[in-house]
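Visitor: After the sequence you'll find the predicted model.
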Amino acid sequence: MSGTAPVTVRGVEIHKGLLTPEDQTRLVEEIRAVVRAAPLFSPETRWGKTMSVRMTSAGRYGWYSDRRGYRYEPQHPSGVDWPPIPGGALAVWQAVAGAERLPDCCLVNFYEEGARMGLHQDRDEADFAWPVVSISLGDDARFRIGGTERGGSTSSVWLQSGDVAVMGGEARLAYHGIDKLRTGSSTLLPKGGRINLTLRVVD
Ligand code: MD3
Ligand code: FE
């Protein structure tokens, strides 16, 4: 990992280029193993709309959604346990969030051309005192962040492969989303696209 001072946007701490190209390649290999054990799927929102982002998880819990709502589940929809969180992701957590506790979930979001994630809050976890740590890999994405109320003003920032964002304190319950992808901006993934990992303490 390579250490530069973080920039803060609306309370989100962004470490540009924290992962070296070698770190990124190694982490993508670890994610391939996660996806082999727990294949990507397209969750349904509670309103029955299929999300454009495909997902899976690693860790004690995985994030899941269907018409019954958003929640964490101890198994992949196929019935297998979620695979272990990749070591490369745990190393990032330890570098930016400290070692008092490890995350319970590593949510893997996969964006192909046209995929986006609407503005939302992350509030399915039990204790908002723990930060959420995000790792971007592959194509650049425009990340939008607002305040803790829906409908307020927002700011946007481009996240690039190797960037790490830490959402703690005032930013933990901020509305956020991904509104645009710059397809073909990175060669990390052979077929293009973007992977975002989010590390979370769940219970
Ligand atoms: C700000 N993922 O999985 S990561 C999500 O790039 C999610 O895939 C986006 O939003 C992605 O829930 C954004 C950055 C992020 C993650 C969690 C946050 C920003 C956050 C929680 C609180 C505030
Ligand atoms: Fe989120």
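Guide: Alright, I've got the coordinates. Ligands and ions are numbered 1, 2, ... in the order given.

Visitor: which residues of the protein fall in strands?
Guide: Here the chain has its strands, by DSSP state E, at 7-9, 12-15, 54-59, 62-66, 69-73, 105-111, 117-120, 132-138, 140-145, 155-159, 164-167, 176-182, 194-200.

Visitor: and the fifth one, which residues are buried?
Guide: Read it as strand 69-73. Applying a neighbour-count criterion of 16 or more other CB atoms under 10 Å, one finds residue 72 buried in strand 69-73. The C-beta positions use only the backbone N, C-alpha and C, and glycine is treated the same way.

Visitor: Can I get that strand in CSV, CA atoms only?
Guide: Written as CSV, here are the backbone C-alpha positions of strand 69-73 (Å, rounded to 0.1, in the frame of the first residue of the first chain):
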residue,chain,number,x,y,z
GLY,A,69,-36.5,-6.0,2.4
TYR,A,70,-32.8,-5.3,2.9
ARG,A,71,-30.9,-7.5,5.4
TYR,A,72,-27.8,-9.5,6.2
GLU,A,73,-27.9,-13.3,5.7
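
Visitor: Run through who's touching it.
Guide: Residues outside strand 69-73 that contact it (CB atoms under 8 Å, 6 or more residues apart in numbering): 46, 61, 62, 63, 64, 65, 104, 105, 124, 125, 202, 203.

Visitor: Of those, which is the most crowded?
Guide: Among those, the one with the most neighbours (other CB atoms under 10 Å) is residue 62, at 26 neighbours.

Visitor: circling back to that earlier point, need the strands of the chain in JSON lines (columns: mean pLDDT and distance to ligand 1).
Guide: Rendered in JSON lines, the data for the strands of the chain read as follows (pLDDT from 0 to 100; distance: least, CB to the nearest ligand atom, whole Å):
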{"stretch": "strand 7-9", "mean pLDDT": "96", "distance to ligand 1": "10"}
{"stretch": "strand 12-15", "mean pLDDT": "97", "distance to ligand 1": "6"}
{"stretch": "strand 54-59", "mean pLDDT": "98", "distance to ligand 1": "8"}
{"stretch": "strand 62-66", "mean pLDDT": "97", "distance to ligand 1": "7"}
{"stretch": "strand 69-73", "mean pLDDT": "97", "distance to ligand 1": "10"}
{"stretch": "strand 105-111", "mean pLDDT": "98", "distance to ligand 1": "4"}
{"stretch": "strand 117-120", "mean pLDDT": "96", "distance to ligand 1": "5"}
{"stretch": "strand 132-138", "mean pLDDT": "98", "distance to ligand 1": "4"}
{"stretch": "strand 140-145", "mean pLDDT": "98", "distance to ligand 1": "6"}
{"stretch": "strand 155-159", "mean pLDDT": "97", "distance to ligand 1": "7"}
{"stretch": "strand 164-167", "mean pLDDT": "98", "distance to ligand 1": "4"}
{"stretch": "strand 176-182", "mean pLDDT": "98", "distance to ligand 1": "4"}
{"stretch": "strand 194-200", "mean pLDDT": "98", "distance to ligand 1": "3"}
